[in-house]
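Asks: Fold the stuff below for me.
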Amino acid sequence: MRRRLLLSYLTVTLIVLLMLEIPLALTFSHRELERLTAAAERDAMVLATLYEDTLDRGLPFTPQPAIEYAQNTGARVVVVDAFGLSFVDTDSPPNRDFSSRLEFQEALAGRRAVGTRSSVTLGHDILYVAVPVASGGRVLGAVRLTLPIEEVNARIHRFWWGLAGVGLVVLGAMAGIGWVVAGSVTRPLADLEKAAARIAAGDLDVRITPGDAPPELRAVVEAFNHMADRVRDTLERHRAFIGNASHQLRTPLTALRLRLENLETEPGADADLQAAIDETARLATMVDQLLELARLGDRASTEVVDLAAAVAERRDVWEAVAREQDVSIAAEIPEHPVWAEAFPGSVEQVLDNYLANALRVSPPGGRILMAVTPGDTHHEVHVIDEGPGMSSEDRRRAFDRFWSRNEGRGAGLGLAIVRQLVELGGGWAELREAETGGIDAVMALPAAPTPTGTEPEPQAASSA
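Replies: Sure thing, here's the model as predicted:
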């Protein structure tokens, strides 16, 4: 933005300079040519007056005035009679016929002729002025002056270069001033951008100092700081509430469950008592999940994890539990490590959640497949079951907090925590329809370079 502001300042300055300097340069050029033309016309009339008596009375002529003028000005002087024959020419012998020249035709007709043309002989432009020599209304001859205009052109060009130099100085000064002025405007905006990024990363204590910002930007900065204070206070109250509520609920739920378990030994205990115990255990799990969700409020730094090793390790942990339910767990993982960035401890927690859900819906004799699919930018981990599956709407809403397909059975936070854990690592989580008819629970994490000093540890390509 700073460069754009500076470019706009320079563009406006350049337009103003062009609007001022171009007319000034053209005016100066016309004025110099007109001044030279006026001086040449005046000198030609003086010479015509000197030779008027010579032509009118037939007196002997002298070329001395023309020669002296030519020596002083560098001009060429030609004086002709009424027939166009020269009797004074400072550059050539006399008695040349100039009657065919347009300027002499104009002058011998009693009119002045002024103009410029390029001289092939001299190799530069010249100014010519031809005036009649007249007496008593009769044209007796003509005087023509031709002057080189190199000096005038050089003076004009020097003036143009001077204007260009002034324009460059003005642009340079404007660039310096504009850079400072643009900086006073963009610096607070850049600070706002950095502060917003830090707040998005979890640093809620960042604030901005307005400094020498314009009043409008000071108001924006103050509003931003006030907003940051409100956001921090709101999040702190939110986390405090969830944490306090979780801690306060845990104790009575534990006591209630112990009392219900003690009643199991009493005669007459039935299925309703067991259902009450299950509901108490479910409520205790939800309280733990609420506490975990509150702890995930701040984004922490990520760590590099070998997904292949993590999948192999969680498969070994859950195999015994799966065998008790007559379910097998297979793994398809690459033989080499698959490095990914993840929130610390999140990979194991997500896999445990996916496996627990898969075991809950797997039929006896069913099979759960864990697979790692390496990618260019993200690696995917799949947990595929053979359960009844879910509709596309249910799969989409499964990650919402407190949502459950089974109305009346309550709701959980497991998948909501899964999504937050994966997103903290820069990835995403989703449920897809599996070819087996069940659910393909996916965790995608950003690919990471191989950590330095890490020796590859081959994994089994697949196992059951």
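Asks: looking at this structure, which helix or strand is least sure?
Replies: In the chain, the helix or strand scored least confidently by mean pLDDT, DSSP states H and E is strand 462-463, which has a mean of 49.
Asks: looking only at pLDDT, what's the mean for whichever strand or helix holds residue 3?
Replies: Residue 3 is located in helix 2-50, with elements delineated by DSSP states H and E. When pLDDT is averaged over helix 2-50, the result is 87.
Asks: Packing partners of that helix?
Replies: Where contact means 3 or more CB pairs under 8 Å, 6 or more residues apart in numbering; DSSP states H and E, helix 2-50 is packed against helix 64-73, strand 113-119, strand 124-135, strand 138-148, helix 150-200. C-betas here are computed from N, CA, C, even on glycine.
Asks: most packed of these?
Replies: Across these, averaging neighbours per residue (mean count of other CB atoms under 10 Å) puts strand 138-148 on top, at a mean of 22.
Asks: Report the contact partners of residue 146.
Replies: Each residue near residue 146 by CB atoms under 8 Å, 6 or more residues apart in numbering is listed here: 75, 76, 78, 119, 126, 127, 128, 129.
Asks: Relative to residue 46, how far out is the third one?
Replies: In this view, residue 78 and residue 46 are 15 Å apart by CB to CB, to the nearest Å.
Asks: between the two, who's got more neighbours?
Replies: For residue 78 versus residue 46, neighbours defined as other CB atoms under 10 Å are more numerous around residue 78 (25 against 13).
Asks: Residue 48 versus the more buried one, what's the distance?
Replies: As for residue 78, its distance to residue 48 is 12 Å (criterion: CB to CB).
Asks: returning to what we had before: with distance to residue 31 and mean pLDDT as new columns, can the helices and strands packed on helix 2-50 be given to me in TSV?
Replies: As requested, those are exported to TSV (distance: least, CB to CB, whole Å; pLDDT from 0 to 100):
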stretch	distance to residue 31	mean pLDDT
helix 64-73	20	88
strand 113-119	15	83
strand 124-135	14	88
strand 138-148	17	90
helix 150-200	10	83
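Asks: In TSV, list those along with distance to residue 304.
Replies: Listed next are those as TSV, based on distance: least, CB to CB, whole Å:
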stretch	distance to residue 304
helix 64-73	90
strand 113-119	80
strand 124-135	79
strand 138-148	83
helix 150-200	23
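Asks: re the thing from before, who touches both of residue 78 and residue 48?
Replies: In contact with both residue 78 and residue 48: residue 143, using CB under 8 Å, 6+ apart.
Asks: mind showing which ranges of the stretch 251-400 of the chain have poor pLDDT?
Replies: Residue ranges of the stretch 251-400 of the chain with pLDDT under 70: 251-253, 255-257, 259-301.
Asks: show me where it has strands.
Replies: 303-306, 328-332, 339-342, 367-373, 378-384 (DSSP state E, counting those that start in this stretch).
Asks: how about residue 98, phi and psi?
Replies: Dihedral angles phi and psi of residue 98 (degrees, to the nearest 10) take the values phi -110, psi 10.
Asks: Who are the contact partners of it?
Replies: Residues in contact with residue 98 (CB under 8 Å, 6+ apart) are 78, 80, 84, 85, 86, 104, 144.
Asks: Can you tell me which of those has the most neighbours?
Replies: Counting neighbours by other CB under 10 Å, residue 80 comes out on top of these with 29 neighbours.
Asks: Would you list the phi and psi of that one?
Replies: As for residue 80, its main-chain torsions (degrees, to the nearest 10) stand at phi -120, psi 160.
Asks: wait, doesn't it sit right on residue 140?
Replies: No: counting by CB atoms under 8 Å, residue 80 does not reach residue 140; the two are 10.0 Å apart.
Asks: Which neighbouring residues are in contact with residue 354, exactly?
Replies: Taking CB under 8 Å, 6+ apart, we find residue 354 in contact with 383, 418, 441, 443.
Asks: Return the item of those residues having minimum pLDDT.
Replies: residue 418 (87).
Asks: Pull up the gap between that residue and residue 109, please.
Replies: As judged by CB to CB, residue 418 and residue 109 stand 106 Å apart.
Asks: before we move on, what about residue 380?
Replies: Here the criterion is CB to CB. By it, residue 380 lies 100 Å from residue 109.
Asks: give the contact list for residue 418.
Replies: Applying CB under 8 Å, 6+ apart, the residues near residue 418 are 349, 350, 353, 354, 399, 429, 443.
Asks: Just the residues contacting the helix or strand where the last one lies, thanks.
Replies: With elements taken from DSSP H and E, the one containing residue 443 is strand 439-446. The contact list for strand 439-446 (CB under 8 Å, 6+ apart) reads 305, 307, 340-342, 347, 350-351, 354, 357-358, 361, 375, 377-385, 387, 389-390, 395, 418, 422, 425-434.
Asks: That one: partners in the sheet, and parallel or antiparallel?
Replies: Note on strand 439-446: by DSSP bridges, its sheet partners are strand 378-384 (antiparallel), strand 428-433 (antiparallel).
Asks: what inclination does that strand have with respect to strand 367-373?
Replies: Counting by axes from the mean of the first three to the mean of the last three CA atoms, to 10 degrees, strand 439-446 lies at 20 degrees to strand 367-373.
Asks: okay, strand 439-446 in CSV with CA atoms only?
Replies: What follows is strand 439-446 as a C-alpha-only set of coordinates in CSV (Å, rounded to 0.1, in the frame of the first residue of the first chain):
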residue,chain,number,x,y,z
ILE,A,439,-17.5,-45.1,7.4
ASP,A,440,-14.1,-44.0,6.2
ALA,A,441,-12.9,-41.6,9.0
VAL,A,442,-10.1,-39.4,7.6
MET,A,443,-7.4,-37.3,9.2
ALA,A,444,-5.3,-35.1,6.8
LEU,A,445,-2.2,-33.4,8.1
PRO,A,446,0.4,-31.2,6.4
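Asks: about what we covered before: now the angle between strand 138-148 and the helix holding residue 3, please.
Replies: Using the same axes, to 10 degrees: helix 2-50 against strand 138-148 is 140 degrees.
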